[in-house]
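Trainee: starting from these lines, generate the structure:
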Amino acid sequence: MPCARPRSPSTPCTTPERTGISSVYGDWQGRGGTGAIVKTEETQRAAVAVSDRGNDMAAVVAEASEIVRAGMLRLQEILQSFISLAVAAGPALATPPGQAMALDHLGRATAVVAKVRAELGEQTGRMVAVTPAEHISAAPAATAPASTSAASTVPASAAPSHPRARRR
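Mentor: Purely as a prediction, here's the structure:
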């Protein structure tokens, strides 16, 4: 759950979902309880870090979406301007002055695309900065009991049921 108030790295979020383990310190005792608390705290810290990273990524995506939206609006304005020019110019659009006006619109559209690409490049850099470089460990692999290690991997229906059946 995100914080209800703005936070900075020096003021961490302290919602109950993020600090709930502190309520069980008095109830869990002994080596098992201490081990459980330690593992639970590690898991809670990891979950908070993943949540915070996800929130940071969502902010980058939202800003990138706004950049794309603003660029599309600007391109639509340029397109509408060109369409108005083309309708008004009619056959004169094929003349050198008409082509110059068309090239002007194309140049403006190209500049908008270049600006959007540059701004998205900055957002890509921000996304790379919030993407974890470290490998997030998976759950420990389950180990099979020793008694199953020698078991056949051939289904019983595929194995011959009688010694003579093997010779045929």
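Trainee: just the pLDDT for the closest residue to Val130 other than its chain neighbours.
Mentor: Spatial nearest neighbour of Val130, excluding adjacent residues (C-beta to C-beta, 6 or more residues apart in numbering): Asp56 at 4.4 Å. Glycine gets a C-beta too; all of them are placed from N, C-alpha and C. Asp56 carries a pLDDT value of 93.
Trainee: what's near enough to touch the residue lying closest to Ala70 once chain neighbours are set aside?
Mentor: Leaving aside its sequence neighbours, Ala70 sits nearest to Val116 (C-beta to C-beta, 6+ apart; 8.0 Å). Contacts for Val116 (C-beta atoms under 8 Å, 6 or more residues apart in numbering) come out as Ile67, Val68, Ala70, Gly71.
Trainee: ChimeraX command for the buried members of these?
Mentor: In ChimeraX syntax, the buried subset of these is picked out as below (16 or more other C-beta atoms under 10 Å):
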select :67,71
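Trainee: which of the contacts of Val116 sit farthest apart?
Mentor: Across the contacts of Val116, the longest distance by C-beta to C-beta is 7.5 Å; it joins Val68 and Ala70.
Trainee: rewinding a little: now do the SS call for the residue nearest to Val130.
Mentor: Assigned with DSSP: H, G, I helix; E, B strand; the rest coil, Asp56 falls in the helix class.
Trainee: how close does it sit to Met127?
Mentor: 9 Å (C-beta to C-beta, to the nearest Å).
Trainee: same check, this time on Leu79
Mentor: Computed as C-beta to C-beta, the Leu79 to Met127 distance reads 30 Å.
Trainee: could you check which of those two has the larger neighbour count?
Mentor: When neighbours are counted by other C-beta atoms under 10 Å, Met127 comes out ahead of the other of Leu79 and Met127, with 15 against 12.
Trainee: just list the residues touching the more buried one, thanks.
Mentor: Applying C-beta under 8 Å, 6+ apart, we find Met127 in contact with Met57, Val60, Val61.
Trainee: mark which of those are buried, thanks.
Mentor: Buried, going by 16+ other C-beta under 10 Å: Val60, out of the contacts of Met127.
Trainee: mind putting the contacts of Met127 in JSON lines, distance to Gly90 included?
Mentor: Shown next, in JSON lines, are the contacts of Met127 (distance: C-beta to C-beta, whole Å):
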{"residue": "Met57", "distance to Gly90": "51"}
{"residue": "Val60", "distance to Gly90": "47"}
{"residue": "Val61", "distance to Gly90": "45"}
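Trainee: looking at the contacts of Met127, spot the one nearest Thr131.
Mentor: Met57 (7.5 Å).
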